[in-house]
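J.: Fold the following, please.
(2 chains)
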2 protein chains.
Amino acid sequence: MRFLGLILTILLVGPIWSQTDDKEQLKAIYNAELTQAESYTWLNYLSNQIGGRLTGSVQAEQAVEYTKQKLDSLGLDRVWLQPVIVPKWVRGVPEFAFIESKPGITNNVPICALGGSIATPTGGIKANVIEVNGIEELEKLGRGKIEGKIVFYNKPMDPSLINTFEAYSSCVNQRYSGAKEASKYGAVAIIVRSMNLRLDDYPHAGGMSYGDISLEDRIPAAAISTNGAELLSTTLKLNPEIKFYFKQNCRQLQDVKSYNVIGEIKGSVHPDEIILVGGHLDSWDLGDGAHDDGAGCVQSMEVLRLLKLTGYVPKRTIRVVLFMNEENGLKGAKTYAEIALSKNENHVFALESDAGGFTPRGFSFDCSETDFAKILRWKSLFEPYYVHLFEQGGSGADIGPLKNDQIVLAGLRPDSQRYFDHHHTEIDTFKHVNKRELELGAATMASLIYLIDKYGTASENTGADK
Amino acid sequence: MRFLGLILTILLVGPIWSQTDDKEQLKAIYNAELTQAESYTWLNYLSNQIGGRLTGSVQAEQAVEYTKQKLDSLGLDRVWLQPVIVPKWVRGVPEFAFIESKPGITNNVPICALGGSIATPTGGIKANVIEVNGIEELEKLGRGKIEGKIVFYNKPMDPSLINTFEAYSSCVNQRYSGAKEASKYGAVAIIVRSMNLRLDDYPHAGGMSYGDISLEDRIPAAAISTNGAELLSTTLKLNPEIKFYFKQNCRQLQDVKSYNVIGEIKGSVHPDEIILVGGHLDSWDLGDGAHDDGAGCVQSMEVLRLLKLTGYVPKRTIRVVLFMNEENGLKGAKTYAEIALSKNENHVFALESDAGGFTPRGFSFDCSETDFAKILRWKSLFEPYYVHLFEQGGSGADIGPLKNDQIVLAGLRPDSQRYFDHHHTEIDTFKHVNKRELELGAATMASLIYLIDKYGTASENTGADK
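T.: Numbering: from 1, shown residues only, chains lettered A, B, ... in the order given. Next comes the predicted model:
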């Protein structure tokens, strides 16, 4: 039994695991990143020289050009642009909103249009408000209490959840589907409490969808800051007859051509096995997208640079992909996956960083039990770097379309406590990214990519050294 | 053998460990803190209504008064002030410095006097500069190259160390002992590179000591921002004959009376066994001391509040101590330990939070192997809260004087990446503390205090339930 177990272990986990070499390689990676990084410099340029990179914008195209040029400078085997047709939504002039307690008595509140929303009529919308604690409450209220009103979705993120992304997941459907659902009951518009755990004055942008509802049934959708939401809720409690006014002139234009930015180091042993690392190049327009997801882009670029800098020669092809249009359409990710499928490309592993440039805590893996067991054996290698979290779960939106039975998908998991202070707001800016936290993330990603390349995954689509 | 092992285990670790109860209690503690905290509100007051709390200042006394009043409101069994005689050093008017490349060609650079330093002469000091990479280089240079000059300590913190406190430890002797050592070689003053991993314009204050050198041999000591240090170093490389000028009029006044602020919940079973939790109430004067150590104070106060809020009745006495004068004398800590010894008080455990209000990563324990083994058994209880780090090492400066063979000392270990961006500077301010990160720290501390109280330590000075 024991002997058989050993044989099985060797079969499953590959060549004898040289922990000392791996320790040294990880140390070399972290050292190189903490002392000779480019990631922070690149992020500074993306954030402060280019700025917010809304899909279809001039800035998004500048970011394509800049990152391609930087990848070109890294001495990779191949760098290219992959054309993608993307939606182009524009915000227009700044939005304006107020609560009208009585005719003539108004309080301005900060709002922003949700991405994909239609404009209000030129003169704005003014209507009574019905507050709900999530989409589920609409049905109970029924058309009688909703028709002609603005639905105010005010379900807050749950502060007791330690992982703030769980709190986000449990109420973001208000933002994404709130307009579609409310329009079914005759609402004239919706206002959504910003996806933010703290009370402040920043409205949070984010994508929404009308699904398949007809053009004439579509209603304008905006987010309100958490302080604004508290004020609106309190005012409604005092007098349910108050009115809310807002005006936005965002528009959906014709689709345009954009690009995914791709670079790779060809594998020296298994060139047809592809290990992907990436983030998304587009961002919302209110801030400069430093955390979401400039950080993930520069970290992914740095992974390839670090492997070269430390003299590591990958056995498999290591490919960085900077996806376009994650925020409002996912067209870059879908196009990439379609092309990969049509070319019969063999992606064995994909890692995305899209949760902010904060101190890395670990990874989440979407893979088979066998693969997870194999990966868990490397966990102790990361502990000297205070990276402890290896869990099964989701990965990243851009690599999701690559999912199949064999591929191992992974997401970097940075500390999540501050993320929703900045997410999709005017304060998602470079100055809120700490250089060392960003760099530790890049080194942590490069370390995992190195281990995956060296030992392969446990799944059937990997090469001879499994 | 096995049976004996079991018996031994029971003897060592106490009553059957009811992990389910403990899980529930930790969940109750974290929930209460993340939804009903006072810590952030208290810190706001300490930071924004009171401000920097330099020992001996009016603000330090206001902080004594405020925290005592808040402890009084918590319904503890006893709250009191413990008198402490403390040093009083004052900064005086803002410091001023420049690099003089040629007579009349000057560049101003940001400096601040180090705590405990003497003033320059009224007209300032201007002299040639000798740069050294740490105290060790003084001997090699000898009096010939040092006499009459300003010694410029420019050893940087090592960015490749993951734990930034290690980087701090390895060069902070330049700041603490630099003046004393340089004066032995006839230096007229010292300038120290700020203890900061990044390049910016903030000089970092901090304590220094002249040791036993005579009054007439004492020389002024100041810190220069990291950008200033880089400029000075570059300028010196171009021309070693440049001069540096600075002026400061800080003074050491007569000692004054201040206080440690103390509150406790009397133990229901072992009232004579004391579990201490604390931080230090004093801070440097440039910022408002929100991270160092307002955070540790409010977290420690919150520990007692959380135990009461969750209905837990401690078996042992749980005492919060807000120490005075950690930054430049440690008089609060020394006085507290002397009085505890004179009263024959039995401290079984002490926990300090003095590493910033950042996301808690775990604890460092200064204790016996037996105690550490016992504590390690609780580690998995903390993992749902992303608290993974249980290591042996130091604890905290204020609880250090309590050290003996039996006591377990512990330090909260928050994420350390951002700490030295703020430490002892004008940007150690409230707005750089994230509410949730602060709260998670408080809940993590309360959870450990709960477990220590419930199960005791393994050492001989604990009661019947060991």
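
J.: name the helices or strands packed onto the host helix or strand of A:Cys112?
T.: Assessed by DSSP states H and E, A:Cys112 sits inside strand A:111-113. Helices and strands in packing contact with strand A:111-113 are listed as strand A:221-224; criterion 3 or more Cβ pairs under 8 Å, 6 or more residues apart in numbering or on different chains; DSSP states H and E. Yep, even glycine has a C-beta here, placed from its N, CA and C like the rest.

J.: Would you mind pulling the contact partners of the strand it packs on?
T.: Counting by Cβ atoms under 8 Å, 6 or more residues apart in numbering or on different chains, strand A:221-224 makes contact with A:95, A:97, A:109-114, A:117, A:152, A:175, A:178-179, A:189-195, A:203-206, A:208, A:232, A:246, A:248, all of which sit outside it.

J.: circling back to that earlier point, so in that sheet, which strands flank the strand holding A:Cys112, and in what orientation?
T.: Using DSSP bridges, the strands paired with strand A:111-113 in its sheet are strand A:221-224 (antiparallel).

J.: What residue in chain A comes nearest to chain B?
T.: In chain A, the residue found nearest to chain B is A:His388; the distance is 3.8 Å by Cβ to the nearest Cβ.

J.: Contacts only, for that residue.
T.: So A:His388 contacts A:361-362, A:379, A:382, B:388-389 (Cβ under 8 Å, 6+ apart).

J.: if you set the cut-off to 6 Å instead, what comes out?
T.: Residues near A:His388 by Cβ atoms under 6 Å, 6 or more residues apart in numbering or on different chains: A:362, B:388.

J.: rewinding a little: out of the contacts of strand A:221-224, which are inside strands?
T.: Assignment to strands by DSSP state E places the following of the contacts of strand A:221-224 there: A:97, A:111-113, A:152, A:189-193, A:246.

J.: Can you lay out the residues you listed as JSON lines showing neighbour count and pLDDT?
T.: Listed next are the ones in strands among the contacts of strand A:221-224 as JSON lines, based on neighbours: other Cβ atoms under 10 Å in any protein chain shown; pLDDT from 0 to 100:
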{"residue": "A:Ala97", "neighbour count": "25", "pLDDT": "98"}
{"residue": "A:Ile111", "neighbour count": "25", "pLDDT": "98"}
{"residue": "A:Cys112", "neighbour count": "28", "pLDDT": "98"}
{"residue": "A:Ala113", "neighbour count": "28", "pLDDT": "98"}
{"residue": "A:Phe152", "neighbour count": "24", "pLDDT": "98"}
{"residue": "A:Ala189", "neighbour count": "26", "pLDDT": "98"}
{"residue": "A:Ile190", "neighbour count": "27", "pLDDT": "98"}
{"residue": "A:Ile191", "neighbour count": "27", "pLDDT": "98"}
{"residue": "A:Val192", "neighbour count": "28", "pLDDT": "98"}
{"residue": "A:Arg193", "neighbour count": "27", "pLDDT": "98"}
{"residue": "A:Phe246", "neighbour count": "23", "pLDDT": "98"}
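
J.: Which of the residues you listed sits closest to B:Ile449?
T.: The shortest separation between B:Ile449 and any of these is 35.6 Å, and it belongs to A:Arg193 (by Cβ to Cβ).

J.: Tell me what the closest one is bridged to.
T.: Taking DSSP bridges as the rule, A:Arg193 bridges to A:Ile224.

J.: From what I see, it and A:Asn154 are in contact.
T.: Yes - taking contact to mean Cβ atoms under 6 Å, the distance of 4.8 Å between A:Arg193 and A:Asn154 places them in contact.

J.: how about the residue nearest the centre of chain A, phi and psi?
T.: When Cα atoms, centre = their mean is applied to chain A, the residue found nearest the centroid is A:Asp354 (4.1 Å). Backbone dihedrals for A:Asp354, given as degrees, to the nearest 10, come out at phi -150, psi 50.

J.: ok, back up a step: what's next to the strand holding A:Cys112, contact-wise?
T.: Residues outside strand A:111-113 that contact it (Cβ under 6 Å, 6+ apart): A:91, A:95, A:97, A:203, A:205, A:222-224, A:246, A:248, A:250.

J.: 8 Å instead, please
T.: Here strand A:111-113 has contacts from A:91-92, A:95-97, A:119, A:191, A:203-205, A:220-225, A:228, A:246, A:248, A:250, A:286, using Cβ under 8 Å, 6+ apart.

J.: Now list the buried members of these.
T.: Among the contacts of strand A:111-113, those classed as buried by 16 or more other Cβ atoms under 10 Å in any protein chain shown are A:91, A:95, A:97, A:119, A:191, A:203-205, A:220-225, A:228, A:246, A:248, A:250, A:286.

J.: Report the next helix or strand after the worst-scoring helix or strand of chain A on mean pLDDT in sequence order.
T.: The weakest-scoring helix or strand in chain A, judged by mean pLDDT, DSSP states H and E, is helix A:2-13 (a mean of 45). Stepping forward along the backbone from helix A:2-13, the first helix or strand reached (DSSP H and E) is helix A:19-36.

J.: contact partners of that next one?
T.: By Cβ under 8 Å, 6+ apart, the residues outside helix A:19-36 that reach it are A:39, A:302, A:306, A:309-310, A:312, A:378, A:381-382, A:384-385, A:436, A:439-440, A:442-443, A:446-447, A:450-451, A:454, B:159-160, B:162.

J.: Narrow these to those in helices?
T.: A:39, A:302, A:306, A:309, A:381-382, A:436, A:439-440, A:442-443, A:446-447, A:450-451, A:454 (DSSP state H).

J.: now the longest strand anywhere in chain A, how far from the centre of its chain.
T.: The single longest strand within chain A, with elements called by DSSP E, is strand A:251-265. Strand A:251-265 has its C-alpha centroid displaced from the chain centroid by 16 Å (Cα atoms, centre = their mean, to the nearest Å).
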